[in-house]
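*Asks:* Sequence plus predicted model, see below.
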Amino acid sequence: MPSTLLDELLAEARPIWQAMIAHPFLHELATGTLSRERFHFWVQQDYRFVQDGIRFLGLLIARAPDEELRRGLLDAAVAFRNELTIFEEYARQHALSLAVEPTPICLGYTSFLLATAATGSLVEALTVLWCAEKAYYDAWSAVRAQLGLAPAYARWIENWTSPQFASWVDWLGEQLAKRATTPDRPPIRAAFLATARYEYLFWDMVYTGSNWPI
């Protein structure tokens, strides 16, 4: 069977993907050994990421050329809004402030997403969205495989490993595959690899506590 565009993208990014899935943050999360300090740092920075993710989706919805894509992206925006609620409820329960400055990695990643949605092609923007969602599905599925729906993290694990989320990731990949043309492939490849690298860097940033040096 000939490989598809999505297969080729994942195959080229396999070393990055493997490093991401095996990252100590995810390993310690899955084994119940992750410190609360590191988890809280992830909560704060991912909350900032999702906030900008809604802005990214808003730009993409405005550019959607047909009703099928527009409605699918609108559903995703609602899902992102619901994710913010999960973060906010956790923060209230643990007296954790979400009013934090994004780190250089978080700011760089969201700036990349917004710039792609504003100035890249539609398929480039769909590529970065599919890559980010696929990365989260695979990362949290790896956690669920070891930890199950552990109460401390159940809402996040369930959110990003549910059948509904898996269907959304598959649908998004289908939208990308059917809209991409042969000339689109070089910029799609570049966008996918950059997003995969940012996904790895984000996990690494929240594990090491990397932040502005001054």
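*Replies:* Nice, thanks for sending it over. Numbers count the residues shown, from 1 in each chain.
*Asks:* use CA for all of it now, contacts and neighbours both
*Replies:* Will do.
*Asks:* Residue 32 - how many residues pack around it?
*Replies:* 15 (other CA atoms under 10 Å).
*Asks:* again, but for residue 116
*Replies:* Around residue 116 there are 22 residues (other CA under 10 Å).
*Asks:* I'd assumed residue 123 was in contact with it.
*Replies:* No: if you go by CA atoms under 8 Å, residue 116 and residue 123 don't touch, sitting 9.8 Å apart.
*Asks:* Please, which helix or strand holds the closest residue to residue 25 other than its chain neighbours?
*Replies:* With CA to CA, 6 or more residues apart in numbering as the criterion, residue 25 has its nearest non-adjacent residue at 5.6 Å, and that residue is residue 207. Under the criterion DSSP states H and E, the helix or strand holding residue 207 is helix 185-208.
*Asks:* pull the CA atoms of that helix into CSV?
*Replies:* Provided in CSV are the C-alpha atoms of helix 185-208 (Å, rounded to 0.1, in the frame of the first residue of the first chain):
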residue,chain,number,x,y,z
ARG,A,185,4.5,19.4,0.3
PRO,A,186,7.8,21.2,1.1
PRO,A,187,6.1,23.9,3.2
ILE,A,188,3.9,21.3,4.9
ARG,A,189,7.0,19.2,5.8
ALA,A,190,8.7,22.3,7.2
ALA,A,191,5.6,23.3,9.2
PHE,A,192,5.2,19.8,10.6
LEU,A,193,8.8,19.4,11.7
ALA,A,194,8.8,22.8,13.3
THR,A,195,5.6,22.0,15.3
ALA,A,196,6.9,18.6,16.3
ARG,A,197,10.1,20.2,17.6
TYR,A,198,8.1,22.8,19.5
GLU,A,199,6.0,20.0,21.1
TYR,A,200,9.2,18.4,22.4
LEU,A,201,10.6,21.7,23.6
PHE,A,202,7.4,22.4,25.5
TRP,A,203,7.6,19.2,27.5
ASP,A,204,11.3,19.9,28.1
MET,A,205,10.7,23.5,29.1
VAL,A,206,8.1,22.5,31.8
TYR,A,207,10.3,19.7,33.1
THR,A,208,13.5,21.8,33.4
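*Asks:* That helix: which residues count as buried?
*Replies:* 188-189, 191-207 (16 or more other CA atoms under 10 Å).
*Asks:* still on that earlier bit, enumerate every residue touching the residue nearest to residue 25.
*Replies:* Counting by CA atoms under 8 Å, 6 or more residues apart in numbering, residue 207 touches 24, 25, 38.
*Asks:* Just the ones of those in strands?
*Replies:* Judged by DSSP state E, those include no members of strands.
*Asks:* before we move on, what SS does residue 33 have?
*Replies:* coil (DSSP: H, G, I helix; E, B strand; the rest coil).
*Asks:* now the helices for this structure?
*Replies:* 5-12, 14-21, 24-30, 36-63, 67-93, 104-119, 122-147, 154-161, 163-179, 185-208 (DSSP state H).
*Asks:* need those helices in JSON lines with mean pLDDT, can you?
*Replies:* Formatted as JSON lines, the helices of the chain follow (pLDDT from 0 to 100):
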{"stretch": "helix 5-12", "mean pLDDT": "96"}
{"stretch": "helix 14-21", "mean pLDDT": "98"}
{"stretch": "helix 24-30", "mean pLDDT": "94"}
{"stretch": "helix 36-63", "mean pLDDT": "97"}
{"stretch": "helix 67-93", "mean pLDDT": "96"}
{"stretch": "helix 104-119", "mean pLDDT": "98"}
{"stretch": "helix 122-147", "mean pLDDT": "96"}
{"stretch": "helix 154-161", "mean pLDDT": "92"}
{"stretch": "helix 163-179", "mean pLDDT": "96"}
{"stretch": "helix 185-208", "mean pLDDT": "98"}
